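1. with the sequence up front, the predicted model follows.
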Amino acid sequence: MHPGHMRLARSMGVRLTEPLDLGFLEPARPEFARGALFFESPRAARDVSESVRRTLEQLDLNYFVLAGFVNTPWAVLGLGKTVDGISVER
């Protein structure tokens, strides 16, 4: 693995139809410093490139949380909403 490079390591219920653009998961994003990166609707995400929007649509996740140590994130956990609105791991 290359430093700064993200890849999908494991998923449940995600069917990939094209390559993922995971560039939006840059650990330096201010949203991560506040706790999590959040998209109300992955399909209606604003201020992202078309390739990121397609990635968000494929993943269909709302929350992205960094995992790791202070100043050394090594993973991002993606969470989605269930039918009743409770977040679960995907």
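-> Great, that's in hand.
2. isn't residue 64 up against residue 35?
-> No - under the criterion of C-beta atoms under 8 Å, residue 64 makes no contact with residue 35, lying 10.5 Å away. (Glycine included, C-beta is placed from N, CA and C.)
3. have a look at those two and say which one is more surrounded.
-> Set side by side, residue 64 and residue 35 show more neighbours around residue 64, with 21 against 10, by other C-beta atoms under 10 Å.
4. mind checking what secondary structure residue 48 has?
-> The three-state assignment at residue 48 reads coil, by DSSP: H, G, I helix; E, B strand; the rest coil.
5. spatially nearest residue to it, not counting backbone neighbours?
-> residue 24 (6.0 Å; C-beta to C-beta, 6 or more residues apart in numbering).
6. measure that neighbour to residue 62 for me?
-> Applying C-beta to C-beta, to the nearest Å, the value for residue 24 to residue 62 is 13 Å.
7. again, but for residue 46
-> 14 Å.
8. over to residue 20?
-> For residue 20 relative to residue 62 (C-beta to C-beta), the value is 16 Å.
9. so the most centrally placed residue in the chain, which state does it fall into?
-> Taking C-alpha atoms, centre = their mean, the centroid of the chain lies closest to residue 64, which sits 4.5 Å from it. Counting by three-state DSSP, the backbone at residue 64 sits in strand.
10. more neighbours, residue 46 and residue 62?
-> With other C-beta under 10 Å as the criterion, residue 46 and residue 62 differ in neighbour count, and residue 62 comes out ahead with 19 against 8.
11. thought that one was touching residue 37?
-> No - look at residue 62 against residue 37 with C-beta under 8 Å: they stay out of range, at 9.4 Å.
12. who does the residue nearest to residue 61 when sequence neighbours are not counted form a beta bridge with?
-> Closest residue in space to residue 61, ignoring its immediate chain neighbours: residue 78 at 4.0 Å, by C-beta to C-beta, 6+ apart. For residue 78, the beta-bridge partners are residue 64 (DSSP bridges).
13. give the contact list for residue 78.
-> 59, 61, 63-64, 90 (C-beta atoms under 8 Å, 6 or more residues apart in numbering).
14. ok, now residue 21?
-> So residue 21 contacts 49, 51-52, 54-55 (C-beta under 8 Å, 6+ apart).
15. before I go, just wanted to say thanks for your time.
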